[in-house]
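Engineer: let's see this in three dimensions:
(one chain, ligands or ions: 2)
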Amino acid sequence: MARDARSRGAPQLGSAVPADGFREDVIAGLSLPQKVLPPKYFYDAQGSRLFEAICRLKEYYPTRAELALTRGHMGEIARFARQRGTLIEYGSGESVKSQLLIEALRPSAYIPVDISDDALRRAAAQLQRRFPWLRIRPVHGDFSRPLKIPVAQAKGRRVVYFPGSTIGNLTPEEAHAFLRMTRGQVGPNGAMLVGVDLKKDANVLHAAYNDARGVTAAFNLNLLARINRELGGDLKLRRFRHYAFSNPALGRIEMHLVSLVPQDVNVGNHRFSFEAGESVHTENSYKYSIYGFKALARSAGFRGEKVWLDPKGLFALHGLVAA
Ligand code: SAH
Ligand code: AVI
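Structural biologist: Ligands and ions are numbered 1, 2, ... in the order given. Below you'll find the model as predicted:
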């Protein structure tokens, strides 16, 4: 079903979101011995706004670091990606970094893909105002499943852009499958630019996911609020606490929501019991060494050709070419 965004100046939104799996995934995830909820459901309109607020927090370094490295190396990044091709961006959100890339690459088409209808619409309308010459083909879709991207009429080299270390929210196996899919999409002459957060001091990571103002906690808890809003749940947010910790052995930050009391919750006509201290695992955020990410990319059919770092060495942008 294509959603209509044909108000003046707004690019039309294509949709590749299959029949809503939110209810099924919530019921299945809360039925497991270790309860889980997939992080892709964070991003309803409220969740997207909260993520944008996280990006502006002093503790959350990845956005600033990636912006700094993109600005600092833009000439080289543009020579690597080449001008006037097709730019496909996954998890585009606000498309802030994309604006720098669009300015430098002058692509013949820009295809932002996002599960957040709200973020996609806002970004596409803003980009169209800023770049009236640009052909924008937004796709409302879920990249954790095979996706068809409308590149048929587009000319030039295909470059997939995946910034923000969103790849870190996938397990390494899911990241491998995702990279295989994009390798197929860019074709033999294509390339990929992937923003990847680097492994670092656990204290720096801890602060980034436990900010003093509680915005990350609100982002995490919004998932329960979304279940209440959309699935008729009766979860009491005050009975859960945000809990995020670094797990260096598994190379990731984990986010959980911990039940503060023994309780039963209802989602539609399903009931789930929580012990005091029991958690729902809501997100992993994997951090990769440069070598580790290149090895993952290689296993999916890419060759790591370039790596750009921010001045503090916190974050990496990988330039991959089809191997
Ligand atoms: N690229 C931006 C936003 C990163 S936040 C940045 O670098 O700041 C992650 C983005 O990915 C959000 O906009 C979210 O809606 C989107 N996203 C998360 N899981 C997704 C999925 N499975 N399919 C499509 N988009 C997804
Ligand atoms: C989108 N993604 C890369 C963010 C991250 O850092 O894993 C989401 C996030 N979760 C908590 N803070 C930010």
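Engineer: for stretch 134-153, C-alpha coordinates in PDB please.
Structural biologist: C-alpha atoms of stretch 134-153 as PDB (Å, rounded to 0.1, in the frame of the first residue of the first chain):
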ATOM      1  CA  LEU A 134      16.900  16.300  -6.400                       C
ATOM      2  CA  ARG A 135      14.800  13.300  -7.400                       C
ATOM      3  CA  ILE A 136      13.700  11.900  -4.000                       C
ATOM      4  CA  ARG A 137      12.000   8.500  -3.800                       C
ATOM      5  CA  PRO A 138      11.400   7.700  -0.100                       C
ATOM      6  CA  VAL A 139      10.600   4.100   0.800                       C
ATOM      7  CA  HIS A 140       8.700   3.300   4.000                       C
ATOM      8  CA  GLY A 141      10.200  -0.100   4.600                       C
ATOM      9  CA  ASP A 142      11.700  -2.600   7.000                       C
ATOM     10  CA  PHE A 143      15.300  -3.400   6.100                       C
ATOM     11  CA  SER A 144      15.400  -6.500   8.300                       C
ATOM     12  CA  ARG A 145      13.400  -8.300   5.500                       C
ATOM     13  CA  PRO A 146      14.200  -8.500   1.800                       C
ATOM     14  CA  LEU A 147      13.300  -5.200   0.200                       C
ATOM     15  CA  LYS A 148      12.700  -4.100  -3.300                       C
ATOM     16  CA  ILE A 149      14.300  -0.700  -4.000                       C
ATOM     17  CA  PRO A 150      13.000   1.400  -7.000                       C
ATOM     18  CA  VAL A 151      16.400   1.900  -8.700                       C
ATOM     19  CA  ALA A 152      15.300   0.700 -12.100                       C
ATOM     20  CA  GLN A 153      15.100   4.100 -13.800                       C
END
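Engineer: find the residue at the geometric middle of the chain.
Structural biologist: residue 166 (3.7 Å; C-alpha atoms, centre = their mean).
Engineer: find the nearest non-adjacent residue to that one, please.
Structural biologist: Leaving aside its chain neighbours, residue 166 sits nearest to residue 91 (4.1 Å; criterion: C-beta to C-beta, 6 or more residues apart in numbering). Where C-beta positions appear, they are placed from N, C-alpha and C, glycine not excepted.
Engineer: what about that neighbour, how many residues nearby?
Structural biologist: Neighbour count for residue 91, taken as other C-beta atoms under 10 Å: 22.
Engineer: now do the one residue in the stretch 1-150 of the chain that gets nearest to ligand 2 against residue 96, distance only.
Structural biologist: Using C-beta to the nearest ligand atom, the closest approach of the stretch 1-150 of the chain to ligand 2 is made by residue 54 at 5.0 Å. Between residue 54 and residue 96 the distance is 13 Å, computed by C-beta to C-beta, to the nearest Å.
Engineer: any idea which helix or strand carries the nearest residue to residue 130 once chain neighbours are set aside?
Structural biologist: With C-beta to C-beta, 6+ apart as the criterion, residue 130 has its nearest non-adjacent residue at 6.7 Å, and that residue is residue 99. Using DSSP states H and E, residue 99 maps to helix 96-105.
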